[in-house]
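Engineer: Sequence first, then the predicted structure, then my questions.
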Amino acid sequence: MENIVRKSVRVGSAGYYVNREHLVITKPEAGNVADITEQAIAAGKVLKGRNIVLYALAALMDDEENPGQQRLAPNATLINEGVIEIHMHDIVDAYKAQVKATPDDPNGTYRFVKCFAMAAGKDSTIINEGIIRIYFDQEKDLETAVYGETLLAGENSTVINNGTIELLGNGSFDTQTRVIALPVNNVTIINNGKINVDVEKASTVRVLATTGTGGTIANYGSIRINSTGRIMTIARFANTHLINAGDIDIVSRAHFIVNKVSFLYQSYPLACAFYEHSLPNTQLVPPLVNKGTVKIHLEGSEASTPKAVAFGIYSEMVGKEEHIHRMENTGSITVSKSGPYDFLVAEVGVNAQSAKDFPYHVEIGEWHTEARNFTETKDLFVCNSGIFDFAHTRLTLTGDNAVSDVKAEGLVYQRDEAMQRGDTFQVLNADKLVITK
């Protein structure tokens, strides 16, 4: 019979640990729980908040500024070769009365009930070679802010998944689900393994993401998502390199959710494989590259509202962006929809959920897509405001559909409501578009 260990593992600064056990962490008791005041970058702001965390394997140290609390310890190396399982039910039940109902709630102590499967501070390395499962098995109608973080590290860190990560359970509409989402600068995030997110209810889903500047995110493995809320699979909020050379398969059971998290925007449902949303960049923006397979299905309902959307790539700026955003797709992107409304879906969406006129320069490089009548389908490139440049575009059309007279102006659809508002829209270098079949 397999030996199950029910106690968390803690190391300190410059600590090293390889887990080969089967850790099952459920009880919010001494040794399994950390009281942490964390600092993070979100929406261009530096935020602090106190959270209560159920963890399995973490590098921690005492927080001198906040006696009785802990913080993530730097320069650690943590490796999982075994099995890690975390269940959220008991810690949510134990601390739900102490979580703030609003950011300014004087009666609450904590911003979130959290979990870390593996976590460390800055200048650290985290590698999963085994199996990690997080069960969001709290009461699904409970209005307690839950933030599930699987692999977490501080700035200048490297986080790699070579194994299997699964986020499962009923969740709740107050649950934020994260696989490797690092709210810091200059990180390297790589997935070579398998990631599965199957959570019935969630407010937001991020799989491989950073809210900081710099760094690299690359997916060479498989990512499967079946959930609600805003699904932002590979995400950047500044000038991070993004590449997908693996497989991404998303089913978005789109459901409009009222946002209760102070640093997140109130938005309608969104599902995308790539996501970028930022203030104007101060540095050059690396190209966004898809070499893999992306499939997204928006499974709509009355709860979705007609404003639910899905894109292979979604890009939105908050302010006047001066830098060029280049996008490349030599793989495949397929976006489909079902439900009671004619939902907006496309391979690329630019500012499509923004009511403000913040056009910026989008340069389309090499792009592979199935041949179709783009002026009728309106599902290749879509925007509210935007400047699309085809100076370096090589459009490769696949499939058996016969199409003729494809022009750059017909590849981009500006939404009717944006056109009526007078949002800025331009197509540049239409004559330089190269089409191959």
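Structural biologist: Sure, I can see it. Residues are numbered from 1 along each chain as shown.
Engineer: surely Ile91 meets Val33?
Structural biologist: Yes. When contacts are counted by C-beta atoms under 8 Å, Ile91 is listed as touching Val33 (7.1 Å). C-beta coordinates here come from the backbone N, C-alpha and C atoms, glycine included.
Engineer: which of the two has more neighbours?
Structural biologist: Ile91 (25 against 19; other C-beta atoms under 10 Å).
Engineer: burial of Ala97, as a residue count?
Structural biologist: 10.
Engineer: same deal with Thr305?
Structural biologist: So Thr305, with other C-beta under 10 Å, has 15 neighbours.
Engineer: can you pull the contacts of it?
Structural biologist: Phe256, Tyr268, Pro269, Tyr341 (C-beta atoms under 8 Å, 6 or more residues apart in numbering).
Engineer: shared neighbours of Ile91 and Val33, which are they?
Structural biologist: Taking C-beta under 8 Å, 6+ apart as the criterion, Ile91 and Val33 both touch Ile52, Leu54.
Engineer: correct me, but Ser385 touches Gln426?
Structural biologist: No. Look at Ser385 against Gln426 with C-beta under 8 Å: they stay out of range, at 9.5 Å.
Engineer: circling back to that earlier point, neighbour-wise, give me the winner out of the contacts of Thr305.
Structural biologist: Pro269 (25 neighbours).
Engineer: Distance-wise, check that one relative to His368.
Structural biologist: Applying C-beta to C-beta, to the nearest Å, the value for Pro269 to His368 is 27 Å.
Engineer: Could you list the low-confidence segments of the stretch 301-437 of the chain?
Structural biologist: For the stretch 301-437 of the chain, the stretches with pLDDT under 70 are 402.
Engineer: if you go through it in chain order, where are the strands?
Structural biologist: Remark: strands assigned in the stretch 301-437 of the chain by DSSP state E, counting those that start in this stretch are 309-317, 325-329, 332-338, 344-350, 361-370, 381-383, 386-389, 394-398, 412-414, 425-428, 434-436.
Engineer: before we move on, the earlier item: okay, the contacts of Thr305 in CSV with distance to Tyr360 next?
Structural biologist: Shown next, in CSV, are the contacts of Thr305 (distance: C-beta to C-beta, whole Å):
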residue, distance to Tyr360
Phe256, 27
Tyr268, 21
Pro269, 24
Tyr341, 29
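Engineer: Could you tell me which of those residues belong to helices?
Structural biologist: Using DSSP state H, no member of the contacts of Thr305 falls in helices.
Engineer: circling back: want to try CSV for the strands of the stretch 301-437 of the chain, with mean neighbour count and distance to Asn244 as columns?
Structural biologist: Below are the strands of the stretch 301-437 of the chain laid out as CSV (neighbours: other C-beta atoms under 10 Å; distance: least, C-beta to C-beta, whole Å):
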stretch, mean neighbour count, distance to Asn244
strand 309-317, 26, 10
strand 325-329, 22, 10
strand 332-338, 18, 10
strand 344-350, 25, 13
strand 361-370, 19, 14
strand 381-383, 25, 18
strand 386-389, 23, 22
strand 394-398, 16, 18
strand 412-414, 22, 23
strand 425-428, 17, 26
strand 434-436, 11, 22
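Engineer: Closest one of the contacts of Thr305 to Asp198?
Structural biologist: Pro269 (17.5 Å; C-beta to C-beta).
Engineer: what sits against the closest one?
Structural biologist: Contacts of Pro269 (C-beta under 8 Å, 6+ apart): 228-230, 252, 254-257, 304-305, 307-309.
Engineer: Which of the contacts of Thr305 sits closest to Leu279?
Structural biologist: Nearest to Leu279 among the contacts of Thr305, with distances taken as C-beta to C-beta, is Tyr268, at 21.2 Å.
Engineer: Is that closest one in contact with Ala303, as I believe?
Structural biologist: No. At 11.4 Å, Tyr268 does not count as touching Ala303 under the criterion of C-beta under 8 Å.
Engineer: who touches both of those two?
Structural biologist: Contact criterion C-beta under 8 Å, 6+ apart; residues shared by Tyr268 and Ala303: Phe256.
Engineer: after the biggest strand by length in the chain, next one along is what?
Structural biologist: Scanning the chain for the longest strand, with DSSP state E as the assignment, gives strand 45-62. Next helix or strand after strand 45-62 toward the C-terminus (DSSP states H and E): strand 70-72.
Engineer: helices or strands next to that next one in the packing?
Structural biologist: Using 3 or more C-beta pairs under 8 Å, 6 or more residues apart in numbering; DSSP states H and E as the contact test, the elements touching strand 70-72 are strand 33-42, strand 45-62.
Engineer: mind checking which of these is nearest Gly246?
Structural biologist: strand 45-62 (25.4 Å).
Engineer: tell me which residues in that closest one are buried?
Structural biologist: By neighbour count with 16 or more other C-beta atoms under 10 Å, strand 45-62 contains the buried residues 47, 49-61.
Engineer: Now flag whichever of the residues you listed is closest to Lys122.
Structural biologist: Nearest member of the buried residues of strand 45-62 to Lys122, counting by C-beta to C-beta, is Ala59, at 10.4 Å.
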